[in-house]
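Student: dropping the sequence and predicted coords here.
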Amino acid sequence: MPGTDRDQALSELKFRDPVRARALVEALGRRTAELGRAPVSVMHVCGSHEQAIAKFGLRSTFPRGLNVIMGPGCPVCITDTPEVDEGVVLARQGVHIATYGDMVRVPGTSLSLADAQAEGAKIHVIYSAGQAVELARSTSDQVVFFATGFETTAVATAAVVLGGLPPNLSILSAHKYIPPVMEIVAEMPETKVEGFLAAGHAATITGSAVFEPFVARHGLPVVIAGFEPLDILAGLVKLVELIRDRTPQVVNMFPRCVTREGNLRAQEQLWKVFRSTGGRWRGIAHVPNGNLRLRDEFASIDARRRFTIDLASLWDCAPPALAQSCICGNIMAGLSSPTDCKLFGQECTPEKPVGACMVSSEGACKIWHQYGGHPDLGGDA
């Protein structure tokens, strides 16, 4: 596309147009009112959605009768304590650990990777799986890539694995797979969620069809949305419409990136390298098929098989007493808000996080602490 045509096309992509935003806010208010009851609770399962909602002040525009809950959509927050412990133990054994930035401060049973680094461990913050490969090639020491994130980052890990790893690099996979945890949330007896706003970037990989069995089983609508303010507002309008009309189905409101089939090449690589298996998500529950682990064909690069990881070596250190009061699990399950936690903004802050939700830039507690959570501007719209 010639430059001027491209510039013109981009200029028409007005995802933050205030006129369109006001029209969508009004539509959202009308649709919610048409339900004739309150509250109507919906859940998004993506930290990037919560970031955008908070950053652009969207929550202040939501109608009072609509409760938009953040679910288990932060990959750092749901990385379970024993998985962090595995990284800490390996780091204390002298292995280089490469991982994404927010993981460094996530507390394990007694220590975080940052604590291990303060003791002299070699911790490296990276921004891509490819940087772990570069790090391993720069040294003769053993390097472990502590790989975290949902299917969006798991496909990048799969790509470097299939590209061939240096002999001194192995993978400690803590990758998670989103669709199974939606089943858990939908089946929680306490849940009041009537529909889900699904993450557009993950659906770019999986495709929208991956949610169809979920909708059929639970009778709950799923709307896939992008991350600009208008994307989110339009997605919520459609979601409330589906609840109002009692027509559970999957609707793709992010068609500029998501197709029904998804990225088939990426899916092929993902499932060639990983298998899904059950495992705990921090604070939530055991999630059947929610963890991604390396297949047996890749045992030689699996850090859990290459090294002896003695988690009992950490058990002499008792977890901090404040951690017993943390309610991150309920927050990620959508049963509580960050402000329901007595530690929020007091003993637990971004500078001194107690729970994982206060560590990550996609964690509900850190987002609410940074931007404010649920502003009440006194409007009824």
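Tutor: Received, thanks.

Student: grab the nearest non-local neighbour of F145.
Tutor: A132 (3.9 Å; CB to CB, 6 or more residues apart in numbering). Just so you know, the C-beta spots here come from the backbone N, C-alpha and C atoms, and that holds for glycine as well.

Student: and the one helix or strand K366 maps to, what does it pack against?
Tutor: Using DSSP states H and E, K366 sits within helix 364-371. With contacts taken as 3 or more CB pairs under 8 Å, 6 or more residues apart in numbering; DSSP states H and E, helix 364-371 sits against helix 47-55, helix 328-332.

Student: next, the buried residues of it.
Tutor: 364-369, 371 (16 or more other CB atoms under 10 Å).

Student: now for F214, how many residues are close by?
Tutor: Residues near F214, counting by other CB atoms under 10 Å, number 20.

Student: ok, now R280?
Tutor: With neighbours defined by other CB under 10 Å, the count for R280 comes to 16.

Student: after the helix or strand in which it is found, next one along is what?
Tutor: If you go by DSSP H and E, R280 is part of strand 274-281. The helix or strand immediately downstream of strand 274-281 is strand 285-294, counting by DSSP H and E.

Student: so what touches that following strand?
Tutor: 151, 154, 161, 171, 173-177, 180-181, 183-184, 270, 273-281, 301-302 (CB atoms under 8 Å, 6 or more residues apart in numbering).

Student: correct me, but I309 touches R92?
Tutor: No. Using CB atoms under 8 Å, I309 makes no contact with R92, being 10.5 Å away.

Student: run a quick neighbour tally on the residue nearest to L311 when sequence neighbours are not counted.
Tutor: Residue nearest to L311 in three dimensions, not counting chain neighbours: D85, with 5.2 Å by CB to CB, 6+ apart. Residues near D85, counting by other CB under 10 Å, number 21.

Student: and the pLDDT at D85?
Tutor: Turning to D85, the model gives it a pLDDT of 93.

Student: report the angle between the one helix or strand it maps to and strand 274-281.
Tutor: Assessed by DSSP H and E, D85 sits inside helix 81-92. With axes from the mean of the first three to the mean of the last three CA atoms, to 10 degrees applied, the angle from helix 81-92 to strand 274-281 works out at 110 degrees.

Student: got the buried residues for helix 81-92?
Tutor: Within helix 81-92, the residues scored as buried using 16+ other CB under 10 Å are 81-92.

Student: let me know the closest of those residues to V258.
Tutor: E83 (29.1 Å; CB to CB).

Student: my guess is that closest one contacts K176, does it?
Tutor: No. The pair E83 and K176 fails to qualify as a contact (CB under 8 Å) at a distance of 10.0 Å.

Student: how about low-confidence regions in the chain?
Tutor: Low-confidence segments of the chain (pLDDT under 70): 1-13, 315-322, 373-381.

Student: make it 50
Tutor: Counting by pLDDT under 50, the ranges of the chain that qualify are 377-381.

Student: all strands of it, in order?
Tutor: Ranges of strands in the chain, per DSSP state E, are 40-44, 66-70, 96-100, 123-126, 143-149, 169-175, 193-199, 222-225, 250-252, 274-281, 285-294.
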